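Visitor: Please work out how this folds:
(2 chains)
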Amino acid sequence: MALESLSAIDVQLKKRHDLIPNVVAVAQIHMTHEKALLETLVALRQKVAVSYDGTKADTVVAHFDAEAALGRTFGALMARVDSHPTLRAEETLARVQETLEEVEGHIAAARRWYNASARTLKDKVEVFPGLLLARWMGIEALPFYEASDDWGKPSS
Amino acid sequence: MTAAPGKRAHPGPPVISEEGEPSLAGLNARVADQFWPYLQTLEKSFIPYKKVDWDRRYKAGMPYILGGFIVFILLAVLGGPVVGIGLLGFFFLAVPVFLVVALFGKGKAPPEESSRTLEKRAVQRLVELMGFTWIGTAPSEGMEHERRALSLLGLMPADGKGVQAHFEDMMALPDSGTDLKIFDLIVHSSAEARENVATHWFRGLVLSFDLPRSVDGLILGQGRRRGMSRLVVPAVKPDRAVSPVILESESFNRAFQVQASDQVMARYLLTPAFMDRLIHSLAIHAPKSMDFCLVEGRFLLALDLRRECFEFGTGATLLDPKGTRDIIQEVADLRILARLMAVEARTRI
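Guide: Next up is the predicted model:
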């Protein structure tokens, strides 16, 4: 169940990642001076797209950390976009914001499912007799996925 | 608050829980200022169903006694032994028929306008004060979504056979953008249909509306039944694969069995605030059952209250404070649920 919910989170996160190229494509035209930021964003997107072992807590933590880093960078880009008069009027970016809000709702729902499953798993692998079985089979408790409400939002 | 004429104390405005529902703000004042005076006007010509309309019965019996008397006079004019026959006919035929009609005849409705019509006018006024458009009996077309959702919840068979279903007293918000409807539902299943339904006799309120954005998936939430019927497992056989949804709230899981085709979508809709509100509604109305269903982007909630909510004139008077208060509370609560889900769908985090 925990793996199923983790993959549900990834499905929703991918929808969010798919919005990045649209923003980058528009920003590249008007914000040539932000080339470094855009390159970092693209690199981070590629990093989170790499498959990982969902059964290992440390790889899941690393994945969530990479996701948070991507969110912070995307937020920084959106802050610059928001202060750019030409870009702010771009229809594409308005659509991205709208879609982002919808995707955020789905991510929140997936996160609730995942965290509930992670809690159940944690209870089972840390309490006898599940503790013994989990150690023998190498099953680990998975980390909770913390909400990052400022994902893609300009920092104030 | 306006004082009612005569001995009857004015029932006063109903108390509703507004809980941030802007369209219901000020409803209490409007009911006091407009509804009670209007109801008092209607009350003058209202004769409750159980109260005999002696005037009407007397008038219905009069032709018999007048006819008998005229026949007797005609026979008396002829003279001879027929006078006795006329007298016997009058006393042993015309008078008994008059007495039977006057005492046991039909006379439970006012002569000019039926009590039911008056009652519906009262409900219509109340509904309009609450900001809804009154539709009355639902048209047979346009209820396909509701029928489908009700069949998925096991409240009526999918083919509709073997049940009598009435969609009455419908109120709507046509300009809300969500096609919101609230109506009285009465479903009675015949013996052959009872294997396919979760309840044989449903009487209560139904809320139905479109979600603000297109939502794919099937979500079924069945409230645990109260009383003996809680032992009966609802006979729901959805046509799509669904799996149980265990939510974070223990009290919600105790109150509802939720199944969904998409676990994420179920949690997208059943936010903590919405779950709390459903539990709150259960506590307020104490229904026999409370079920909800999301199918094809339309949400339906069925509240089995074991009574027809808009038949509040079946008592002795139209000025029924409890009936009015119940209607307002139930409608207000359903409206809050709908609004909460619409708001949550836009702002959930």
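
Visitor: Just give me the neighbour total for the closest residue to chain B within chain A.
Guide: Residue nearest to chain B within chain A: residue A:109 (3.8 Å; Cβ to the nearest Cβ). To be clear about C-beta, it is placed using only N, CA and C from the backbone, and glycine gets the same treatment. Using other Cβ atoms under 10 Å in any protein chain shown, residue A:109 is surrounded by 24 other residues.

Visitor: isn't there a strand covering it?
Guide: No - the assignment for residue A:109, made by DSSP: H, G, I helix; E, B strand; the rest coil, is helix rather than a strand.

Visitor: I figured it hits residue B:260, correct?
Guide: No - in this structure, residue A:109 is not within contact of residue B:260 by Cβ atoms under 8 Å, at 11.0 Å.

Visitor: For these two, list the residues in contact with both.
Guide: Overlap of the contact sets of residue A:109 and residue B:260 (by Cβ atoms under 8 Å, 6 or more residues apart in numbering or on different chains) consists of residue B:266.

Visitor: How is the residue positioned nearest the centre of chain A assigned, secondary-structure-wise?
Guide: Nearest to the geometric centre of chain A sits residue A:67, at 4.0 Å (Cα atoms, centre = their mean). With three-state DSSP as the basis, residue A:67 sits in helix.

Visitor: try the one 4 residues further on
Guide: Following three-state DSSP, the label given to residue A:71 is helix.

Visitor: number of nearby residues for it?
Guide: Neighbours around residue A:71, by other Cβ under 10 Å: 20.

Visitor: pLDDT wise, what is it at?
Guide: Note on residue A:71: pLDDT of 85.

Visitor: now do residue A:153
Guide: 57.

Visitor: Point out where chain A drops to low pLDDT.
Guide: A:1, A:147-156 (pLDDT under 70).

Visitor: Enumerate the residues of it near chain B.
Guide: Counting by Cβ under 8 Å from any Cβ of the partner chain, the residues of chain A close to chain B are A:4-5, A:8, A:12, A:102, A:104-106, A:108-110, A:112-113, A:116, A:147, A:149.

Visitor: which among the residues you listed end up buried?
Guide: Among the residues of chain A next to chain B, those scoring as buried are A:5, A:8, A:12, A:104-106, A:108-110, A:112-113, A:116 (criterion: 16 or more other Cβ atoms under 10 Å in any protein chain shown).

Visitor: And the furthest pair within those residues?
Guide: A:104 and A:116 (18.7 Å; Cβ to Cβ).

Visitor: residue boundaries of the helices in the chain?
Guide: You didn't pick a chain, so chain A it is. A:2-17, A:20-30, A:35-49, A:57-83, A:85-88, A:91-126, A:130-137 (DSSP state H).

Visitor: think we crossed wires, I meant chain B
Guide: Under DSSP H, chain B gives helices at B:27-30, B:36-43, B:54-78, B:82-89, B:95-104, B:115-129, B:144-152, B:250-255, B:263-269, B:272-285, B:321-347.

Visitor: most tightly surrounded among those?
Guide: Of the helices of chain B, the one with the most neighbours on average (mean count of other Cβ atoms under 10 Å in any protein chain shown) is helix B:263-269, at a mean of 24.

Visitor: Just the residues contacting it, thanks.
Guide: Contacts of helix B:263-269 (Cβ under 8 Å, 6+ apart): A:4-5, A:8, A:12, A:105-106, A:108-110, A:112-113, B:211, B:215-217, B:219, B:243, B:245, B:247, B:258, B:260, B:294, B:299, B:341, B:344-345, B:348.

Visitor: and residue A:38, how many neighbours does it have?
Guide: Residue A:38, neighbours per other Cβ under 10 Å, totals 19.

Visitor: wait, isn't it in contact with residue A:76?
Guide: No - contact status for residue A:38 versus residue A:76: not in contact, 10.7 Å apart, counting by Cβ under 8 Å.

Visitor: if we can go back for a sec, show me the one of the helices of chain B that comes nearest residue B:195.
Guide: Among the helices of chain B, helix B:144-152 sits nearest to residue B:195 (Cβ to Cβ), with 13.8 Å.

Visitor: what mean pLDDT does that closest one have?
Guide: Helix B:144-152 comes out at a mean pLDDT of 87.

Visitor: next one: stretch B:55-68
Guide: 85.

Visitor: Also stretch B:285-303?
Guide: 88.

Visitor: Please identify the buried residues of that stretch?
Guide: B:285, B:287-295, B:298-303.

Visitor: what about it and chain A, touching?
Guide: No - Stretch B:285-303 lies out of reach of chain A by Cβ under 8 Å from any Cβ, never closer than 13.3 Å.

Visitor: picking up where we left off before, list just the nearest of the buried ones among the residues of chain A next to chain B to residue A:54.
Guide: The closest of these, once distances to residue A:54 are taken by Cβ to Cβ, is residue A:5, at 10.0 Å.

Visitor: Compute the distance between the closest one and residue A:106, please.
Guide: 13 Å (Cβ to Cβ, to the nearest Å).

Visitor: what does residue A:89 give?
Guide: 28 Å.

Visitor: circling back: of the helices of chain A, give the one that comes closest to residue B:41.
Guide: helix A:91-126 (49.4 Å).

Visitor: Work out the gap between the closest one and the centre of the chain.
Guide: Centre-to-centre, helix A:91-126 and its host chain are 9 Å apart (Cα atoms, centre = their mean, to the nearest Å).

Visitor: what comes up buried for that helix?
Guide: A:93, A:96-97, A:100, A:103-118, A:121-122, A:124-125.

Visitor: burial of residue A:2, as a residue count?
Guide: Residue A:2: 23 neighbours (other Cβ under 10 Å).

Visitor: And for it, nearest residue in space, chain neighbours not counted?
Guide: Spatially, and ignoring its direct neighbours in sequence, residue A:2 is nearest to residue A:117 (4.2 Å; Cβ to Cβ, 6 or more residues apart in numbering or on different chains).

Visitor: how much space between the residue lying farthest from the centre of chain A and residue A:136?
Guide: Each residue of chain A has a distance to the centre, and by Cα atoms, centre = their mean the biggest one is for residue A:129: 34.4 Å. From residue A:129 across to residue A:136, the span is 11 Å (Cβ to Cβ).

Visitor: ok, the closest residue to residue B:138 other than its chain neighbours - contacts?
Guide: With sequence-adjacent residues excluded and distances taken as Cβ to Cβ, 6+ apart, residue B:138 is closest to residue B:167, at 3.6 Å. Contact analysis of residue B:167 by Cβ under 8 Å, 6+ apart lists B:137-138, B:143, B:146, B:183-185, B:206.

Visitor: what's the spacing between residue A:126 and residue A:116?
Guide: 16 Å.

Visitor: Correction: the previous question concerned residue B:172.
Guide: In this view, residue B:172 and residue A:116 are 37 Å apart by Cβ to Cβ.

Visitor: what's the answer for residue B:42, then?
Guide: From residue B:42 to residue A:116 the distance is 54 Å (Cβ to Cβ).

Visitor: again with residue B:221
Guide: Distance from residue B:221 to residue A:116, by Cβ to Cβ: 17 Å.

Visitor: now do residue A:74
Guide: In terms of Cβ to Cβ, residue A:74 sits 27 Å off from residue A:116.

Visitor: One more: residue B:273?
Guide: Taken as Cβ to Cβ, the span from residue B:273 to residue A:116 is 17 Å.
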